[in-house]
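Participant: for reference, the sequence and a predicted model appear below.
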Amino acid sequence: MKVSIYTDGSSKGNPGCGGYGVVLLYDSHRKEISGGFRLTTNNRMELLAVIVGLEALKSFNKNIVIYSDSKYVVNAVEKKWLFSWEKNNFKKKKNKDLWLRFLKIYRKHSVRFIWIKGHSEIVENERCDFLAVKATEKKPLKIDEYYENSIKQEPDTLF
């Protein structure tokens, strides 16, 4: 039996406050998960949604289909870019912390990604979008420590 996981991430500003939404479907079971952060990026929230969905499963070796409107996430895995990034220790790649967390749980299952167009009236994707946006309104928002620390270390490129 397969597990279907729908995911979405959002940010109000990029960077800005952000959130993720997940809908897991397995047999007759349904679970919704969401969370928000005070400062993050859209790509981080898209990837975190996938991670949280996979980490919510109670057993391993499942056949999983992940539906995401994030070309960043879907293409990184399905086009095998991620595995080249990993071999190069994510040199000059963003979100290393999340990609490493993803790989750890990804390798415990058989996972396939399907890209879906966002805001195209796919019920579960629309629900994930709603959850992600609502998560940014729940106070206090969590701190995305890895991201906030990384931007403190980047040189100021505004001037």
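Facilitator: Sure, I can see it. Residues are numbered from 1 along each chain as shown.

Participant: give me the element the residue nearest the centre of the chain is part of.
Facilitator: Centroid-nearest residue in the chain, with C-alpha atoms, centre = their mean: Leu47, separated by 2.2 Å. Element membership for Leu47 (DSSP states H and E) is helix 42-55.

Participant: ok, Cys128 - how many residues close by?
Facilitator: When neighbours are counted by other C-beta atoms under 10 Å, Cys128 registers 30. No exception for glycine: its C-beta is placed from N, CA and C like everyone else's.

Participant: er, Arg30 actually
Facilitator: Every residue meeting other C-beta under 10 Å relative to Arg30 is counted, giving 11.

Participant: and Lys79, by the same measure?
Facilitator: Close neighbours of Lys79, defined as other C-beta under 10 Å, add up to 11.

Participant: now it: how far from Arg101?
Facilitator: Distance, Lys79 to Arg101, using C-beta to C-beta, to the nearest Å: 20 Å.

Participant: what sits up against stretch 129-145?
Facilitator: If you take C-beta atoms under 8 Å, 6 or more residues apart in numbering as the criterion, stretch 129-145 is touched by 8-12, 17-23, 32-40, 44-45, 49, 118-119.

Participant: swap in stretch 32-42?
Facilitator: 9-11, 14-24, 45, 48, 52-53, 56, 127, 131-132, 134-138, 140-144, 147-148.

Participant: going by neighbour count, list what's buried in the lowest-mean-pLDDT helix or strand in the chain.
Facilitator: For the chain, using mean pLDDT, DSSP states H and E, the weakest element among its helices and strands is helix 145-153, scoring a mean of 89. By neighbour count on 16 or more other C-beta atoms under 10 Å, the buried set for helix 145-153 is Tyr147.

Participant: now stretch 94-111
Facilitator: By 16+ other C-beta under 10 Å, the buried positions in stretch 94-111 come out as 95, 97-99, 101-102, 105-106, 109, 111.

Participant: cool, and stretch 120-127?
Facilitator: 122, 124-127.

Participant: ok, so of those, who is nearest Lys152?
Facilitator: Distances from Lys152 to those, taken as C-beta to C-beta, are shortest for Asn125 (34.1 Å).

Participant: coming back round to it: ok, now how distant is the residue nearest to the centre of the chain from His29?
Facilitator: Between Leu47 and His29 the distance is 24 Å, computed by C-beta to C-beta.
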